[in-house]
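Student: A predicted structure for the sequence below; I have some questions about it.
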Amino acid sequence: MEKIVSLCKRRGFIFQSSEIYGGINGFWDYGPMGVELKRNLKDFWWRRVVRERDDMVGMDGSIIMNRAVWKASGHEETFSDPMVDCKNCKARHRADQLPQKDGTPYCPNCGSRDITEPRAFNLMLKSHAGPVESDENLVYLRPETAQAMFVQFKNILETSRKKLPFGIAQVGKAFRNEINPRNYTFRSREFEQMEIEYFCREEDGLALTDYWLEERLKFYEDIGIPRTKIKIHDIPDGERAFYSKKTYDLEYEFPFGLSELEGIAYRTDYDLSAHIRHSGKSLDYFDDEKKEKFVPHVVEPSAGVDRTTLALICEAYDEEEVAGDGGKSETRTVLRFHPRMAPVKCGVFPLLKNKPALVEKAKSIMAALRPYMMAFYDESGAIGRRYRRQDEIGTPFCVTVDFDTIGENGPDNVDTVTLRHRDSMQQERVPIAGLRERLASAIL
Ligand code: ATP
């Protein structure tokens, strides 16, 4: 894991938030490469679950909502972890994560066994909306994006004119005052979620949960995380939330252990019914054909953007021995991202930076690629070094403009370039015409 953390910092994927002030526990910044990777992930999720489907629509809800939402959803009352305090060093820990010695729990910070009884600790971050910091003005930063999709169910149903089954998708920030932020970005206090609420008739709920499990596994495969790397944890009776009739956790083998990437839960009609009860408003569905009115059930596939981004980096990270300059063996660090996830799709290099004809040609290729993909121009250092730098950020293709391109070695290869492939390190000669189409189809 240290190697991954160090690469992420060195190459501009992830930085500690507020680093020059010593950071802040549980908060992270994504640098130039990280933001591209995360954006590619969110865009592809959106494409798969909204744009390529007839039965899904999107929304973008506010982070702060009426406090009544969190009373109705149960978050104000019960969104808490049981916590204990160490009476010796005052550290606070999750009761269910305390290590044990001879059957007695002890403080992982100082080793003391003098620990308080567990107490509920609410995970919602608070603020105040308005000039007075009164209880009346108390608001929460949403701990999940889901609730906006429930409380806007009626508006979306009416404006989109969808029929059941149909779903709403949303990507956005969520906040949880996690007691123990840890494992890098895996457990943060500010993070992003990609959530779907898929509304259906009660009799279809269980089958649709299995349907979404399969859809989501396909999605992970399509971003470069094979299904063999994902463990499906079918949460047994008694361990699920009381309203859920089926829940699957999808877990990925991170270097720090098998941990949850996504939860797929059949939540019955619990959420809509709770909002109907608390708001006094109707959130029913009317089936025109059957002339029936009822509260829809819902299946919720809820994924974490940051956790999936971290899984993508872990899955892509590779080191291999290759022949370097002069035939000496050297270690190549390479991120083998699926091309559609890679932050930079194509490196563009003139063989020499002091040869204007080469530079001009390379810049014209950059200009042609830019509207279609993230390309990166680099003219400094030996070509081999430039390839290695792109390998480290996972760029699947590099294009080099050389003397053949500009016709200095005869007419045969004019307007062709070397296309170098990251994984095989193979190079081929390809015409500039058609290059953009070829790369665009490889990254789609
Ligand atoms: P955990 O058990 O790991 O705390 P959870 O079961 O509480 O997670 P959910 O409430 O189901 O998580 O949230 C859905 C998804 O949101 C999770 O699968 C995860 O990808 C993401 N997520 C939840 N909490 C965090 C966090 N603190 N940091 C980063 N991502 C998170």
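Tutor: Arrived safely, thanks for sending. Numbers count the residues shown, from 1 in each chain.
Student: what helix or strand is K281 on?
Tutor: With secondary structure defined by DSSP states H and E, K281 is part of neither a helix nor a strand.
Student: burial count for it?
Tutor: With neighbours defined by other C-beta atoms under 10 Å, the count for K281 comes to 10. In short, each C-beta sits where N, CA and C put it, glycine included.
Student: Would you check how far apart it and M149 are?
Tutor: When distance is defined by C-beta to C-beta, to the nearest Å, K281 is 15 Å away from M149.
Student: Nearest to the ligand: which residue in the stretch 101-250 of the chain?
Tutor: Per C-beta to the nearest ligand atom, F191 is where the stretch 101-250 of the chain lies closest to the ligand, at 3.5 Å.
Student: For V430, which non-adjacent residue is closest in space?
Tutor: Counting by C-beta to C-beta, 6 or more residues apart in numbering, V430 lies nearest to L419, which is 4.8 Å off, once chain neighbours are set aside.
Student: helix, strand or coil for that neighbour?
Tutor: L419 falls in the strand class when you classify it by DSSP: H, G, I helix; E, B strand; the rest coil.
Student: Please name the residues that touch it.
Tutor: Contacts were defined as C-beta atoms under 8 Å, 6 or more residues apart in numbering; by that measure L419 touches F397, C398, V399, Q427, E428, R429, V430, L435.
Student: Next, the buried residues of stretch 92-102.
Tutor: Neighbour-count burial for stretch 92-102 flags H93, A95, L98 (criterion: 16 or more other C-beta atoms under 10 Å).
Student: Among those, name the ones that also lie close to the ligand.
Tutor: Among the buried residues of stretch 92-102, no residue is within reach of the ligand (C-beta under 6 Å from any ligand atom).
Student: Tell me the residue of the stretch 201-350 of the chain that sits nearest the ligand?
Tutor: Counting by C-beta to the nearest ligand atom, the stretch 201-350 of the chain gets nearest to the ligand through G304 (2.2 Å).
Student: Now do the contacts for that residue.
Tutor: Taking C-beta under 8 Å, 6+ apart, we find G304 in contact with F191, E192, Q193, M194, L261, E262.
Student: Over to H75?
Tutor: H75 makes contacts with M124, Y140, P143, as judged by C-beta under 8 Å, 6+ apart.
Student: give me that answer again for 10 Å
Tutor: With contacts defined as C-beta atoms under 10 Å, 6 or more residues apart in numbering, the neighbours of H75 are V69, N122, L123, M124, Y140, R142, P143, E144, Q147.
Student: can you put those in CSV and add neighbour count and secondary structure?
Tutor: CSV is the format used below for these (neighbours: other C-beta atoms under 10 Å; DSSP: H, G, I helix; E, B strand; the rest coil):
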residue, neighbour count, secondary structure
V69, 21, helix
N122, 18, strand
L123, 17, coil
M124, 17, coil
Y140, 21, strand
R142, 25, coil
P143, 20, coil
E144, 19, coil
Q147, 22, helix
